[in-house]
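In: below are the sequence and a predicted model; questions follow.
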Amino acid sequence: MRTHRDNCPLEHLDCPYGSHQPAKKILRKNMKGHKLDCEHRPYRCRYCYMKRGTYKSITGKGESPLQGECHYDVCGQYLLECPNKCGKKSIKRKNIPLHRERCPLEKLNCPFKYAGCSLPVLRKNMDRHCNKGVQNHLLLVAEAHQKLAGKCDELTRKNEELVRKVEELAPNPKRIRLSYDTNTFMF
């Protein structure tokens, strides 16, 4: 009888990984499969091979939701698709920024954004955008130049006005001493 009980396929056994709350009971006949599939089984990251944990803590997969992030969410070696959907697959997470610097589907600012061209342009279309938009970009640059020239004129006028006020307040330039330490005039 003892031999049967020690080998009975219908006996309920505790999960050998013991992380279940409450303790999970598995039929002896299902134990072999459970050991292969248990979310609490020991597991090593298959991308970086460095991180060890449970299957659930590494992959985020299991019967119940994982609290917090799993290792795959941060692993630099984890393989991803291009976030721009350019078709490139199997990019290591740590290489995504480098890929985006060359990705033809990365959205870029037009080089004439400073002048007012606010269109986001795909990298692969940038030459065409710039070539087709020469006239519009030239108009935007001319407008930006006019605004800057106006500001320059305004600043020149304000500077001249300040110089006049300083001369009025101190007609004798020898009475004015610039204090470099405090950036103030001393009279």
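Out: Structure received.
In: pop the domain breakdown of this protein in here.
Out: Following automatic domain parsing, one finds the domains of the chain at 2-72, 75-105, 110-187.
In: columns mean neighbour count and mean pLDDT on top of the ones you listed, output as TSV?
Out: (Each C-beta comes from the backbone N, C-alpha and C, glycine too.) Listed next are the domains of the chain as TSV, based on neighbours: other Cβ atoms under 10 Å; pLDDT from 0 to 100:
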stretch	mean neighbour count	mean pLDDT
domain 2-72	13	86
domain 75-105	14	97
domain 110-187	12	85
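In: and the helices in the protein?
Out: 2-7, 31-37, 55-59, 96-100, 126-132, 134-169 (DSSP state H).
In: right, and these - which one's nearest C15?
Out: helix 31-37 (6.8 Å; Cβ to Cβ).
In: starting at the chain centroid, how far to the closest one?
Out: Per Cα atoms, centre = their mean, to the nearest Å, the displacement of helix 31-37 from the mean C-alpha position of its chain is 39 Å.
In: quick one: contacts for the closest residue to R102 other than its chain neighbours?
Out: Sequence neighbours aside, R123 is the residue nearest to R102 in space, at 7.9 Å (criterion: Cβ to Cβ, 6 or more residues apart in numbering). Residues counted as contacts of R123 (Cβ atoms under 8 Å, 6 or more residues apart in numbering) are 102-106, 108.
In: roughly how far does R123 sit from K132?
Out: Separation of R123 from K132 (Cβ to Cβ, to the nearest Å) stands at 16 Å.
In: so for F112, which of the helices of the chain sits nearest?
Out: helix 134-169 (4.5 Å).
In: how close does M31 sit to G18?
Out: 14 Å.
In: check M50 too.
Out: From M50 over to G18 (counting by Cβ to Cβ), the distance is 25 Å.
In: repeat that for I58.
Out: Taken as Cβ to Cβ, the span from I58 to G18 is 18 Å.
In: tell me, what residue is most central in this structure?
Out: In the chain, the residue lying closest to the centroid (Cα atoms, centre = their mean) is P97, at 8.3 Å.
In: name all residues that make contact with it.
Out: Per Cβ under 8 Å, 6+ apart, neighbours of P97: none.
In: and the one 3 residues further on, by the same measure?
Out: Contact analysis of R100 by Cβ under 8 Å, 6+ apart lists 83-84, 106.
In: same check, this time on F112
Out: 130, 133, 137, 140-141.
In: next one: it from M50, what distance?
Out: F112 is 46 Å from M50, by Cβ to Cβ.
In: can you pull up the bridge partners for N109?
Out: P120 (DSSP bridges).
In: gap between C86 and G60?
Out: 26 Å.
In: cool, N136 as well?
Out: 48 Å.
In: thinking again about what came up before, how near is the residue nearest to the centre of the chain to Q77?
Out: With Cβ to Cβ as the criterion, P97 and Q77 are 15 Å apart.
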